[in-house]
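Engineer: with the input below, show me the fold.
(chains A, B, C and D)
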Number of protein chains: 2
Amino acid sequence: MKEGPDIAQIGALIGDPARANMLTALMGGKALTATELAAAGGITLQTASTHLAKLEAGRLLAQRKQGRHRYFTLADDAVGKLLESIMGFAAGRGHLRHQPGPKEPALRKARVCYDHLAGDYGVRMLDSLVATGAIDAVGDGLAIGAKGEETFKCIGIDVADLKASRRPLCRSCLDWSERRAHLAGSLGKALLATFFDKGWARRTAGSRSVIFSPDGERHFLALFPVETPVAA
Amino acid sequence: MKEGPDIAQIGALIGDPARANMLTALMGGKALTATELAAAGGITLQTASTHLAKLEAGRLLAQRKQGRHRYFTLADDAVGKLLESIMGFAAGRGHLRHQPGPKEPALRKARVCYDHLAGDYGVRMLDSLVATGAIDAVGDGLAIGAKGEETFKCIGIDVADLKASRRPLCRSCLDWSERRAHLAGSLGKALLATFFDKGWARRTAGSRSVIFSPDGERHFLALFPVETPVAA
DNA sequence: TCCATACTTCGACCGTAGCCGAAGCATCTC
DNA sequence: GAGATGCTTCGGCTACGGTCGAAGTATGGA
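Structural biologist: Okay, the predicted model is just below:
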């Protein structure tokens, strides 16, 4: 009793449906205003305001004032990682929403996980990168592989630049829909940003799902082939 | 909105202080009766009973009937891992209990994390194992190293036996007090069990903290030396 | 200056969930 | 059987937290 950190506090913060919906919306990685988050949570602006104040006090959220707007984001990627891991856990226990909804398949195929690519395509990409030796996988850890710098330079990413930041380059993130790892970290972020830049894919408004263009999808699948099923 | 798994459900389960205390108590790895858990939660037996029913329905807990006792444990090590990761997150945000209490230092030094060793000593052990090449660390992932099988055989652990189980051999677990990784997985479990078997250490009743005997501590420190500070 | 927009604070309402006393089962001991 | 122990269920109380309407504050634009 009364041992260690207070998990009840953050459990309670995440445990309210309206707050959970707002946090999930912010997993899309974009900064959202209080009004947008109110809609995401299915509540009025006043109620959202009190929730947002609590989430900020609990240091799950950060806010940035810009003119008369107030933009909220997840406080940092530790929050994103925590949420995704809870999602993975919840999915594994069958704690799913009641109605799967029409957007569900798109979400499972490809979605934004805070700032990197998740879903079927996210898992496929990591599998392919491991198979070609661009990334080394040891246990559940990831590191840049022998052919990594060369591979990513071809895609248009300078690994040396990324290494300069204090954020980990490669990080595995458990995918809740696939129940396998996908690539997070600054490299995962850079890859997703590149796909957007090249016009291969785009976000959808108000959702975490990522839509590939026909052309972009062709490029993506060619770039990350799956020859033989790779073991987890 | 309404995307993905329902994190609010499990957030709410963990979010109640009484339930959180009971879950924390079960992080000690031992099966506890409803009466013991009621004491851990600071509530009466009736209230505890309803809480336990909810936790079981949410598949966070498993129960085993034995005579007129009902023993509860965490449903599996995924629950333990989730709780420890939330603890790490909470500790990082300053969500600590109000009064640190006298047991806190012992808890930070060495404690049980579901079924393996955590705290200062847990982190020290992993650092030492990595330094000697018994375990390889890549990113945040762990794997058995070149000198691993030999090292662990000396301690009295047959790695081949452990590999037979479907549970991962090595797994890193973020330590909430040290904010660095310690060793989980079947190997972590086997090591802690060995320390208990050899009489080097013992659990304390009603707490997660692990107390080393003077003799056991000498052996432990000799077995896992820290020569140079190892980078995280 | 005046109004519109974005958001917060106040106040009141209400439902739910936690809580416990008492009673009801179940299991073991004698 | 009778009684003790471990736990669950029932019923009713209470309080906290979520909710929104209304009013208040800040920023931007006309």
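Engineer: what are the phi and psi values for residue A:112?
Structural biologist: phi -90, psi 130 (degrees, to the nearest 10).
Engineer: can you name the residues bridging to it?
Structural biologist: Beta bridges link residue A:112 to residue A:117, judged by DSSP bridges.
Engineer: dump the residue contacts of the residue of chain A found nearest chain B.
Structural biologist: Among the residues of chain A, residue A:141 lies closest to chain B, at 1.6 Å counting by Cβ to the nearest Cβ. Bear in mind the C-beta positions are built from the backbone N, C-alpha and C, glycine included. Counting by Cβ atoms under 8 Å, 6 or more residues apart in numbering or on different chains, residue A:141 touches A:172, B:137, B:138, B:139, B:140, B:141, B:142, B:143, B:172.
Engineer: who wins for most neighbours among those residues?
Structural biologist: residue B:142 (30 neighbours; other Cβ atoms under 10 Å in any protein chain shown).
Engineer: and it, that's in a strand?
Structural biologist: Yes. Judged by DSSP: H, G, I helix; E, B strand; the rest coil, residue B:142 forms part of a strand.
Engineer: what's the burial count for the residue nearest to it when sequence neighbours are not counted?
Structural biologist: Leaving aside its sequence neighbours, residue B:142 sits nearest to residue B:170 (Cβ to Cβ, 6 or more residues apart in numbering or on different chains; 4.0 Å). By other Cβ under 10 Å, 27 other residues sit near residue B:170.
Engineer: and residue B:170, what's its pLDDT?
Structural biologist: Note on residue B:170: pLDDT of 90.
Engineer: any part of stretch A:46-53 near DNA strand C?
Structural biologist: Yes. Using Cβ under 7 Å from any atom of the strand, stretch A:46-53 reaches DNA strand C at A:46, A:48, A:49, A:50, A:52, A:53.
Engineer: contacting residues around that stretch?
Structural biologist: Residues contacting stretch A:46-53 (Cβ under 8 Å, 6+ apart): A:16, A:18-19, A:22, A:34-35, A:37-38, A:41, A:43, A:61, A:63, A:72.
Engineer: partner residues bridging the residue of chain A closest to chain B?
Structural biologist: Using DSSP bridges, the bridge partners assigned to residue A:141 are residue A:138.
Engineer: what about residue A:106, how many neighbours?
Structural biologist: Applying other Cβ under 10 Å, we find 16 residues neighbouring residue A:106.
Engineer: return the backbone torsion pair for it.
Structural biologist: Dihedral angles (degrees, to the nearest 10) for residue A:106: phi -60, psi -40.
Engineer: residue numbers of chain A in contact with DNA strand D?
Structural biologist: Near DNA strand D, when you scan chain A using Cβ under 7 Å from any atom of the strand, you find A:12, A:16-19, A:43-44, A:46-47, A:50-51, A:54, A:65, A:67-68.
Engineer: gap between residue A:76 and residue B:174?
Structural biologist: Using Cβ to Cβ, to the nearest Å, residue A:76 is found at 15 Å from residue B:174.
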